[in-house]
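In: give me a 3D structure for the following:
(chains A and B)
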Number of protein chains: 2
Amino acid sequence: MKKRTLSVLSMILSIFASANGQEALFGNQPILSPEIHGDKSVTFRFLAPNADSVQVTGDFLPTVKAESPFGIVDAPGKAHLVKDGKGVWSYTTGPLNPELYNYSFVVNGLSSIDPNNPFLIRDVASVTNIFIIGGEQADLYKVNDLPHGTVARRWYDSPGLGMDRRLTVYTPPGYEANPKTKYPVLYLLHGAGGDEEAWIELGRTAQILDNLIASGKAKPMIVVMPNANVTQDAAPGAGRDGYYKPQFMAPETMNGRYEANFIDILKFVEGNYRVIADKKHRAIAGLSMGGFHAMHISRYYPNVFDYVGLFSAALMPREDATGKVYADIDGSLKRQKENGYQLYWIAIGKTDFLYKANQEFRTKLDQLAFKYDYKETEGGHIWRNWRIYLAEFAPKIFR
Amino acid sequence: MKKRTLSVLSMILSIFASANGQEALFGNQPILSPEIHGDKSVTFRFLAPNADSVQVTGDFLPTVKAESPFGIVDAPGKAHLVKDGKGVWSYTTGPLNPELYNYSFVVNGLSSIDPNNPFLIRDVASVTNIFIIGGEQADLYKVNDLPHGTVARRWYDSPGLGMDRRLTVYTPPGYEANPKTKYPVLYLLHGAGGDEEAWIELGRTAQILDNLIASGKAKPMIVVMPNANVTQDAAPGAGRDGYYKPQFMAPETMNGRYEANFIDILKFVEGNYRVIADKKHRAIAGLSMGGFHAMHISRYYPNVFDYVGLFSAALMPREDATGKVYADIDGSLKRQKENGYQLYWIAIGKTDFLYKANQEFRTKLDQLAFKYDYKETEGGHIWRNWRIYLAEFAPKIFR
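Out: I've put the predicted structure just below:
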C-alpha cells in the first residue's frame, strides 16, 4: 500500500511538473544517451523522426582540417547518426580512451545539446554536454568514495580594483576538522574567456585534488581560483552585470592590472584561511592567459612563490607592453632566479598554437640560466591537457 | 600597438578555441537572444534559415489546457517566431512582470535550448534557459552591489545513512569577519526530484538572502540546504554515482529515513558552524516534498524548531505509513504545540494540485487548536512561488 501511494504521488507530481513546463520539455525523449558500454564504446541517441540529418560532434572524434582566416586548422570531427524505425537516431563509437569528453548534436545543420543528458558545461559562451570514460587519469575526474574537500564561492574586497569580487576556494578534506593545521596554497589561474568557475567546472579541480590527496600523491592544500577579468566582479551570471553573453576575452585582462593587484587576493587568502604564509608554501599556475599571468605575477613578486606552473601559457613576446608590470622582464626574472624557487614547470602540447612561443620563452630562460622543468605532451590547446597538467603539477608541489 | 597585439592574440585564441570545438558550436549564431527591452518586453531570436517552424515556450506565456492521464491540466503555452530575410526567427513578448523566467525553443517540433544564452538551469533531468526581468520581488533574485554571503558545497558524515553526503551551506556576509558572532540557522528542504543544488540554483537562495539581509529585512542567518534523497551521497553528477539521468523521485525519500536521520545534519551543522544552538534560533522550511519533510521533522523533533515553513507542501494523508517517524502524528503535533513555537507558516497557490491536501491539513491543525499563519497566493506548484515564499518567510524568522 505504501509503495502504491508513493507511486501515485510520484505520478501526480510528474504530471504537474510536466504541466509546468519542466519535465515536459524533454519528456518526449525517453531514451538513454549517452550509453557507455562495458568496452568503453559509447552510443549516442537522438529522437527526431522528421529530421533529415543528425550528427554528433565532440572531442572524441578524429579532428578534420578546416579553413580559417589563419590557415588550415584542426576542427572537431562529426559522425552521422542512423535512424531506426521509431525515429531514434544513433551512433556508436569504438572503445574510447579514458577521458572527460564533450559533445553536441547537429540536427539538420543546427547545433543542439543532448536533451537526454542534463550534464552540461559552459566554456565562455558555449554550452556542451559531457561524459566521462573512466580508467587511468580519468578516474581522477570522478567523484570517488573518499574524503572530499569543500568548495566555496566567496567574495573578497579588492581595494586595487575598487570592488568586491568573487573567487572559488577549495579547502582540502580535514581543513575544518583540524582547526590548528595550516595549509599551503595553490593559486590556479584561468585562461582568456574563463572566470572563477573555469577550473572548478571544466578543470575538475576538486575531484583531482580529492583523489590525489586521498591516495597520498598530493599534499593537502588550499586551491584558490580567482577571476582575472578585472572589469568583472564575478563570472557572467554570478555578478552585478547579470546575465549577458560572455566574450571570449574580457577587456583589460592582459594589461597588467590583474598582476599588479594580485596582492589583494594574496592578502585576502592569507588573512582569511589557515595558510602557511611563506614562499615555500605558495604555488601559482595557470593555463593559456593564466600561464601568462602566472609567469608575470611570479616575477613581479619575485620572492613570493616557490612553485610556478605554466600550462600552455600565452607567452608570446609583448615588447609593446608599457605598464609597470611589464617593465624590466629580464631583470625581474633574474631577481626571481637569485631569490630561488623549488620548481618552475612548463607544459605544452605538440600541436598547441602557442608551442613556438613556449620554445622562444625557454630560449630566453636558458639565456638567463633560469632553471625550469619542461613537459611536452600530445594534443593542443584544450582542457584535456590542462586537467592532465594539473594532475601532474599538484603532486610535485609542497614536497 | 598594444591594443593591436592583444586583438591579434584574441583572434588567434578565438580561432583555436573554435578549432577545438568550443566556440565553434554556436559560432554560427552571432545574434542577441534574449534581448530585454526598456519596457520589459523581450525579443527571442534563433538563426535557422532552413527550419520550417520555430516556437518559444516558457513560463511567461499564457498557459494552455492539455490532456494528461489525470485529466486536463495547465501546460506552458507556445508562441511562433517569424523568419526574416537572413534566416533569423524572432518573437517579441509584451511587457513582462518582474520575475525569473525560463524558456526553450521548439524547432521543427524538437526542443532546443537557446544557443545564444549560456545561462541554463537544471530541474531534475530537464535543462532550460533563464532570464530575469527586474523590479519588485525579482530584484531580490539579482546579484546586486552589496555584501555577499559565501556558498559552500560541503560533505558531512551521516552515521544514520552510512555515508558521507553533500550539502550546500550559505553563510551570511560578515560570518568570516566576525569570528565571535553566532548565527541562527534555517534548514531549507527541496522537493521531489531536487537535491542540494535546487534551492541555491532554482531558488536563488543566496541572492534572496544577500538582498534581504543588506536591506535589514532579514536577520543574518545561515541557510543549510541538504539532500533528501537518502540513497544518494550527492546531487546527480556531483556524487559517487557519476553522471546519470535523474529520476523525478529518488527511492525512499518519503519513507521516514530522511526525517529519522535529520539529527545527523543538525549535529554536523551545530558542530561545524558558529550557530546559536537553541530552538529560538532554528527554522525549518521546505517546498512540496520538502514541506512534507519539514512538517514531519518539526513534529518528530517536537522541541527543536521555533519556526516552520510549509511551501506548497505535499501534506496528503498517508495513513499507510508505518515507519516509526509517522507513528502518532496527532500526538507529536500536540507535543509540538505544547512545547510552543514562534511561527508555523503555510503557503499554497490557489491552483496548486496540493491545495486540497493543504486545506485538509489546516482542518487537522484547527481541530488540534494548533496555531499557524496561512498565505494563499496565485499560481500553482512552481519555483516562482517558492522563491516568493522564501522571500516572505525569511524576514519573519529569528525576530
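
In: how's chain A carved up into domains?
Out: Per the record, chain A has its domains at A:28-134, A:143-396, by automatic domain parsing.

In: how about a markdown table for those, with mean neighbour count and mean pLDDT added?
Out: (Each C-beta comes from the backbone N, C-alpha and C, glycine too.) Shown next, in a markdown table, are the domains of chain A (neighbours: other C-beta atoms under 10 Å in any protein chain shown; pLDDT from 0 to 100):
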| stretch | mean neighbour count | mean pLDDT |
| --- | --- | --- |
| domain A:28-134 | 18 | 91 |
| domain A:143-396 | 20 | 95 |
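
In: among the ones you listed, which comes closest to residue B:361?
Out: Of all the domains of chain A, domain A:28-134 sits nearest to residue B:361, with 33.0 Å by C-beta to C-beta.

In: the closest one: how far from the chain's middle?
Out: Between the centre of domain A:28-134 and the centre of its chain there are 21 Å (C-alpha atoms, centre = their mean, to the nearest Å).

In: contacts for the host helix or strand of residue A:362 next, please.
Out: According to DSSP states H and E, residue A:362 maps onto helix A:355-367. The contact list for helix A:355-367 (C-beta atoms under 8 Å, 6 or more residues apart in numbering or on different chains) reads A:295, A:310, A:312-317, A:330, A:333, A:344, A:346, A:348-349, A:352, A:371-372, A:374.

In: please state the offset of stretch A:282-290 from the chain centre?
Out: 12 Å.

In: picking up where we left off before, helices - which of the contacts of helix A:355-367 land there?
Out: Using DSSP state H to define helices, the subset of the contacts of helix A:355-367 located there is A:295, A:330, A:333.

In: go through those residues and name the one nearest residue B:123.
Out: Within those, proximity to residue B:123 (C-beta to C-beta) peaks at residue A:295, which comes in at 42.8 Å.

In: about what we covered before: in JSON lines: the domains of chain A, plus distance to residue B:152.
Out: What follows is the domains of chain A, written out as JSON lines (distance: least, C-beta to C-beta, whole Å):
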{"stretch": "domain A:28-134", "distance to residue B:152": "21"}
{"stretch": "domain A:143-396", "distance to residue B:152": "4"}
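
In: which one of those lies closest to residue B:250?
Out: domain A:28-134 (14.6 Å).

In: near chain B, which residues of the stretch 151-300 of chain A show up?
Out: Residues of the stretch 151-300 of chain A lying near chain B by C-beta under 8 Å from any C-beta of the partner chain: A:151-155, A:163-164, A:166, A:176, A:192-193, A:233-234, A:236-240, A:242-243, A:245-246, A:248-249, A:254-255, A:272, A:288-289.

In: wait, doesn't residue A:36 sit right on residue A:133?
Out: Yes: when contacts are counted by C-beta atoms under 8 Å, residue A:36 is listed as touching residue A:133 (6.7 Å).

In: so what sits against both of these two?
Out: residue A:42.

In: how about stretch A:80-99 against chain B, any contact?
Out: No: counting by C-beta under 8 Å from any C-beta, chain B is not contacted by stretch A:80-99; separation bottoms out at 10.7 Å.

In: got the end-to-end distance for that stretch?
Out: 22 Å (C-alpha to C-alpha, to the nearest Å).

In: relative to strand B:126-133, how tilted is the host helix or strand of residue A:132?
Out: Using DSSP H and E, residue A:132 maps to strand A:126-133. Strand A:126-133 and strand B:126-133 are oriented at 150 degrees to each other (axes from the mean of the first three to the mean of the last three C-alpha atoms, to 10 degrees).

In: list the contacts of strand A:126-133.
Out: The contact list for strand A:126-133 (C-beta under 8 Å, 6+ apart) reads A:34, A:36, A:40, A:42, A:58, A:96-104, A:113-114, A:117, A:119-121, A:138, A:141-142, B:21-26, B:113, B:118, B:120, B:242-243.

In: just the ones in strands from the residues you listed, please.
Out: A:36, A:42, A:58, A:99, A:100, A:101, A:102, A:103, A:104, A:120, A:121, B:120 (DSSP state E).

In: ok, those residues vs residue A:183, which is closest?
Out: For the ones in strands among the contacts of strand A:126-133, the nearest to residue A:183 is residue A:100 (26.8 Å; C-beta to C-beta).

In: pretty sure that closest one contacts residue A:384?
Out: Yes: with contact defined as C-beta under 8 Å, residue A:100 counts as touching residue A:384 (7.5 Å).

In: residue ranges of the strands in the stretch 151-300 of chain A, please?
Out: For the stretch 151-300 of chain A, the strands defined by DSSP state E, counting those that start in this stretch occupy A:163-171, A:185-189, A:222-225, A:282-287.

In: who wins for proximity to residue A:261 among those?
Out: Residue A:261 lies closest, by C-beta to C-beta, to one member of the strands of the stretch 151-300 of chain A: strand A:163-171, at 9.8 Å.

In: kindly export the closest one (C-alpha atoms) in PDB.
Out: Provided in PDB are the C-alpha atoms of strand A:163-171 (Å, rounded to 0.1, in the frame of the first residue of the first chain):
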ATOM      1  CA  MET A 163      35.100  46.400  -5.800                       C
ATOM      2  CA  ASP A 164      34.200  43.200  -4.000                       C
ATOM      3  CA  ARG A 165      35.000  40.300  -6.300                       C
ATOM      4  CA  ARG A 166      34.100  36.600  -6.300                       C
ATOM      5  CA  LEU A 167      36.500  33.700  -6.200                       C
ATOM      6  CA  THR A 168      36.300  29.900  -5.800                       C
ATOM      7  CA  VAL A 169      38.200  28.300  -2.900                       C
ATOM      8  CA  TYR A 170      38.900  24.600  -2.500                       C
ATOM      9  CA  THR A 171      39.800  23.600   1.100                       C
END
